[in-house]
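Novice: need coordinates for the following:
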Amino acid sequence: MALTKADIINTVQADEGLTKQQSTDIIETLIEIIKSTLQSGEDVLISGFGKFCIRDKNERKGRNPATGDDLMLAPRRVVTFKCSGKLRDRIN
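Specialist: Below you'll find the model as predicted:
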């Protein structure tokens with residue numbers, strides 16, 4: 001089962017003794033900061049957790065799996081995540 005934003009809000013609320021609205025505001029603000037930083041092209045580094053990076057992908061050939069037709073996929077930007085060594089050790 002995946003951890004949802006609502007689960008994070010409830011955990012912050014319980015652990016810190018905040019109201020649900022305060023917890024929601026904190027989590028929403030954090031997510032907006034991360035999104036706006038990535039949108040501006042900067043990386044987001046969270047020590048002990050990992051690094052979110054923006055990567056540019058070039059135009060490339062692709063194929064429609066339903067019809068088998070060849071097509072060109074447009075260039076785009078994607079978000080990548082590399083976990084920290086501490087997180088990797090904790091998972092393993």
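Novice: list the contacts for the residue nearest to residue 59 when sequence neighbours are not counted?
Specialist: Of all residues not flanking residue 59 in the chain, residue 75 sits nearest, at 4.8 Å (Cβ to Cβ, 6 or more residues apart in numbering). The way it works is simple: take the backbone N, C-alpha and C, and place the C-beta from them, glycine included. Shown in contact with residue 75 (Cβ atoms under 8 Å, 6 or more residues apart in numbering): 56, 57, 58, 59.
Novice: stretch 36-53: how far from the chain's middle?
Specialist: 9 Å (Cα atoms, centre = their mean, to the nearest Å).
Novice: for stretch 28-40, same thing?
Specialist: Put simply, stretch 28-40 sits 10 Å off its chain's centre (Cα atoms, centre = their mean).
Novice: quick one: buried residues of it?
Specialist: residue 38 (16 or more other Cβ atoms under 10 Å).
Novice: picking that back up, show the buried residues in the contacts of residue 75.
Specialist: In the contacts of residue 75, nothing passes as buried (16+ other Cβ under 10 Å).
Novice: looking at these, which one is closest to residue 39?
Specialist: Among the contacts of residue 75, residue 56 lies closest to residue 39 (Cβ to Cβ), at 13.9 Å.
Novice: quick check: closest non-adjacent residue to that closest one.
Specialist: Nearest non-adjacent residue to residue 56, counting by Cβ to Cβ, 6+ apart: residue 77, 5.6 Å away.
Novice: could I have the helix or strand where the one you found lies exported to CSV, CA atoms only?
Specialist: Using DSSP states H and E, residue 77 sits within strand 76-83. Extracted as CSV, the C-alpha positions of strand 76-83 are listed here (Å, rounded to 0.1, in the frame of the first residue of the first chain):
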residue,chain,number,x,y,z
ARG,A,76,10.7,17.0,-22.8
ARG,A,77,11.9,17.5,-19.2
VAL,A,78,11.5,14.8,-16.6
VAL,A,79,12.1,14.6,-12.9
THR,A,80,14.5,12.0,-11.6
PHE,A,81,15.3,10.9,-8.1
LYS,A,82,18.5,9.5,-6.7
CYS,A,83,18.3,8.3,-3.1
